[in-house]
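Participant: Sharing a model that was predicted from the sequence below.
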Amino acid sequence: MARDQTLGALLMIVSIAGIILYAWALFLPPIPGLDTVVLKLTGIVAVGGVLGIIAWIGYTLATTPPPKPLEEIEKELNEELKKG
């Protein structure tokens with residue numbers, strides 16, 4: 001359990017540091033134009049993530065075979081019941 005707690009604390013610290021770094025880059029950029037680059041990167045990651053998930057769902061729907069009709073399943077069950 002101690003390892004899980006250590007990992008949790010590490011994740012929390014890294015996340016808070018990331019939030020602080022992100023806010024600093026947006027509102028107090030050390031390099032002119034860095035705030036624009038940060039916003040563009042945020043936008044492309046967000047849009048790419050959402051569209052990537054939609055593409056994955058589409059791929060899954062396109063490549064998954066349709067289920068058997070209920071009548072066919074009932075027929076198979078009845079045949080097995082007659083045998084057994």
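Facilitator: Perfect, thanks for sending it.

Participant: Tell me, please, the helix or strand in this protein that averages the lowest pLDDT.
Facilitator: helix 70-83 (a mean of 86; mean pLDDT, DSSP states H and E).

Participant: Helix, strand, or coil at Gly8?
Facilitator: Put simply, Gly8 is helix when judged by DSSP: H, G, I helix; E, B strand; the rest coil.

Participant: In the chain, where is pLDDT below threshold?
Facilitator: 84 (pLDDT under 70).

Participant: what about the strands in it?
Facilitator: Ranges of strands within the chain: none, based on DSSP state E.

Participant: those helices in it, which residues are they?
Facilitator: For the chain, the helices defined by DSSP state H cover 2-27, 34-63, 70-83.

Participant: could the ones you listed be laid out in JSON lines, adding mean neighbour count?
Facilitator: Heads up, the C-betas are built off the backbone N, CA and C, glycines and all. Below are the helices of the chain laid out as JSON lines (neighbours: other CB atoms under 10 Å):
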{"stretch": "helix 2-27", "mean neighbour count": "10"}
{"stretch": "helix 34-63", "mean neighbour count": "11"}
{"stretch": "helix 70-83", "mean neighbour count": "9"}
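
Participant: quick one: contacts for the residue nearest to the spatial centre of the chain?
Facilitator: For the chain, the residue nearest the mean C-alpha position is Ile53 (6.6 Å; CA atoms, centre = their mean). Residues near Ile53 by CB atoms under 8 Å, 6 or more residues apart in numbering: none.

Participant: What's the separation between it and Pro69?
Facilitator: Per CB to CB, to the nearest Å, Ile53 is found 30 Å from Pro69.

Participant: repeat for Leu41
Facilitator: 49 Å.

Participant: Next: Gly43.
Facilitator: Distance from Gly43 to Pro69, by CB to CB: 45 Å.

Participant: Got the domain ranges for this structure?
Facilitator: Listed by automatic domain parsing, the domain ranges of the chain are 1-30, 34-84.

Participant: Backbone dihedrals for Pro29, please?
Facilitator: phi -70, psi 130 (degrees, to the nearest 10).
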